[in-house]
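> turn this into a model:
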Amino acid sequence: MAWTTSSTLGKVIWTFLISMVPVVELRGGLPVGITSGLPVPLAFCAAVLGNMLPVPFIIVFIRKIFAWLRAHWPWMNRVVSALEARAESKRGTIEKYGKWGLLVFVAIPAPGTGAWTGALIAALMNMRLKQAVPVIFVGVCIAGVIMSAVTLGAIHLF
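Numbers count the residues shown, from 1 in each chain. A predicted model of the protein is given here:
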């Protein structure tokens with residue numbers, strides 16, 4: 001079946017947007033793109049770009065966002081504290097292994113890992129944008145390769 005430009009564009013946009021969502025990220029967006037019929041390289045690029053778009057904003061602004069949420073919506077304090085505690089629990093490993101620890105953390109496609117949490121950890125550790133973004137990008141690309149292989153393997157099994 002041949003894909004029209006508009007349907008391909010819609011699938012690329014959908015893959016991109018799903019990959020931006022916290023928790024779901026590339027680990028959900030890439031399989032959706034591939035199984036919707038996008039060529040793997042196109043789905044991969046859309047998912048990586050979608051997953052990476054929020055990263056610099058998280059690193060730069062998350063502390064201010066958390067402070068604003070606490071000041072304006074006190075009931076969000078519990079959610080913010082939970083997010084901070086989750087990131088803080090990974091801090092020791094990241095500090096021990098440095099950039100390699102952050103890279104592996106982002107690259108492993110498991111629950112609770114990924115670009116969003118990696119960026120949050122980087123922000124709470126006061127990592128500079130120019131240090132954290134390339135490491136997170138490589139981790140996202142590795143996760144993308146893993147998820148592409150898993151998705152293609154699952155497609156061929158079923």
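> may I see the buried residues of stretch 59-70?
Going by neighbour count (16 or more other CB atoms under 10 Å), the buried part of stretch 59-70 is Ile59, Ile62, Phe66. From N, CA and C alone the C-beta is placed, and that goes for glycine too.
> tell me which residues in the helix or strand bottoming out on mean pLDDT in the chain are buried?
In the chain, the helix or strand scored least confidently by mean pLDDT, DSSP states H and E is helix 77-97, which has a mean of 88. Buried residues in helix 77-97, counted by 16+ other CB under 10 Å: Val80, Leu83, Ala87, Lys90, Ile94.
> the third one contacts Met127, correct?
No: at 11.9 Å, Ala87 and Met127 do not qualify as touching, with contact defined as CB atoms under 8 Å.
> you'd agree Met147 is up against Val32?
No: using CB under 8 Å, Met147 is not in contact with Val32; the gap is 10.6 Å.
> any weak-confidence spans in this structure?
In the predicted model, the chain carries pLDDT under 70 at residues 1-6.
> picking up where we left off before, tell me the helix or strand right after the least confident helix or strand of the chain.
Later in the chain than helix 77-97, the nearest helix or strand by DSSP states H and E is helix 99-107.
> now do the same contact list for Leu26.
By CB atoms under 8 Å, 6 or more residues apart in numbering, Leu26 lies in contact with Ser19, Ala47, Val48, Gly50, Asn51, Pro109, Gly114, Ala115, Val140, Ala143, Gly144, Met147.
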